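Trainee: let me see the structure of the following:
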Amino acid sequence: MTSHRNHGREAQPARAPRMLRVGCAFTYRSAVPTPAMFLVRPDRRGDVLVSDERLFVEPETAVRHYFDLHGNWFARLTLPTGLSTVHYSARAVVPDRVDEADEDAQETAPGDLPSEVLVYTLPSRYCLSDVLGDEAWSRFGAVTPGWHRVREICRHVHESLSFGYGASTSLSTAADVNAAGVGVCRDFAHLAISFCRALNIPARYVFGYLPEIDVPHDGAPMDFAAWMEVWLGDRWWTFDPRNNVPRKGRVVIGRGRDAADVAMVTTFGGPVLESMVVHAEEDLVLVQR
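Mentor: As a prediction, this is how the structure comes out:
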């Protein structure tokens, strides 16, 4: 990750916030009514302000909501027989600043970690820190602990994996992707998380909307993005092994041990996904008013 020094967490100059439009649409074809869960609404626990939300289904379908054990906000519904589309849209106000950083942030010894973060030191469905432990210690064990070590993990993952849609599947683990050398953003996050956990650094999986603000357009269609948060010092910090540079405008949707905890869609049956569209861009109409 490119260095962005912020020793002592000095206050940054106040800037006008950025106004975003975020949302998505999933179109399914179902042979029978199919219960499903959707995780597409932004998390409310950060510094992102969300308004003008709409979540609805065509044809009209009842929707109810619940929070899971990680505090993620799921929508529950039943996809009707035939073709149906689940729509979500919202406005989001985000700070005009890149991901916070502190190169002095230190690792915490396992015995001193807060109890609630211990689960993020353990292997999970996709983050096989036990399988990758020997490689993690041989590659990063001698690197200066703390921020510098996590940054080196991100640099390595960013440079060792190639990005490619369809290169991995829903069954691909961090160990699989490490061997193949190719994956999508969730795979970059899983591998970096696995290396961190193998070194006793708590790390959790995050996904959400990530607009292209003050960065060149990469030519790819908009999609959901995945990154990680790492516990250093006394808080969680954002690291992004896929992009490997600080970014603006992250709108978190879900957090968990890995992607299994925060699947965008879970269906209790076999509907066919006909299309998925994601959008996250600056709302220039609001900016110009």
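Trainee: tell me the SS of the residue lying closest to S172 once chain neighbours are set aside?
Mentor: Using CB to CB, 6 or more residues apart in numbering and skipping residues adjacent in sequence, the residue nearest S172 is D187, 6.5 Å away. For the C-beta atoms, the positions are set from N, CA and C on the backbone; glycine is no exception. Following DSSP: H, G, I helix; E, B strand; the rest coil, the label given to D187 is helix.
Trainee: same question, D218
Mentor: Note that with three-state DSSP, the state of D218 is coil.
Trainee: and it, what does it touch?
Mentor: E212 (CB atoms under 8 Å, 6 or more residues apart in numbering).
Trainee: could you pull up the contacting residues of the residue nearest to S172?
Mentor: When contacts are counted by CB under 8 Å, 6+ apart, D187 touches 161, 168, 172, 174, 177.
Trainee: same deal with A25?
Mentor: Per CB under 8 Å, 6+ apart, neighbours of A25: 85-88, 275-277.
Trainee: cutoff 10 Å now
Mentor: By CB atoms under 10 Å, 6 or more residues apart in numbering, the contact list for A25 reads 40, 58, 85-89, 275-279.
Trainee: please enumerate the helices of this structure.
Mentor: Assigned by DSSP state H, the chain shows helices spanning 133-140, 147-160, 174-180, 185-198, 284-288.
Trainee: can you give me the buried ones in the second one?
Mentor: Buried residues in helix 147-160, counted by 16 or more other CB atoms under 10 Å: 147, 149-154, 156-158.
Trainee: so Y88 touches C24, yeah?
Mentor: Yes: taking contacts as CB atoms under 10 Å, Y88 lies within contact range of C24: 5.4 Å.
Trainee: who has more neighbours out of those two?
Mentor: C24 (22 against 19; other CB atoms under 10 Å).
Trainee: gap between S84 and G249?
Mentor: 30 Å (CB to CB, to the nearest Å).
Trainee: state the phi and psi torsions of P114.
Mentor: Note on P114: backbone dihedrals following degrees, to the nearest 10 are phi -60, psi 140.
Trainee: with A101 instead?
Mentor: Dihedral pair for A101: phi -150, psi 150, per degrees, to the nearest 10.
Trainee: that one: neighbouring residues, count only.
Mentor: Residues lying near A101 (other CB under 10 Å) number 21.
Trainee: now do S162
Mentor: Neighbour count for S162, taken as other CB under 10 Å: 10.
Trainee: kindly state the pLDDT recorded for it?
Mentor: Looking at S162, its pLDDT stands at 95.
Trainee: residues in contact with it?
Mentor: Counting by CB under 10 Å, 6+ apart, S162 has contacts 180-183.
Trainee: below-threshold pLDDT in the stretch 1-150 of the chain: ranges please.
Mentor: Low-confidence segments of the stretch 1-150 of the chain, defined by pLDDT under 70, span residues 1-14.
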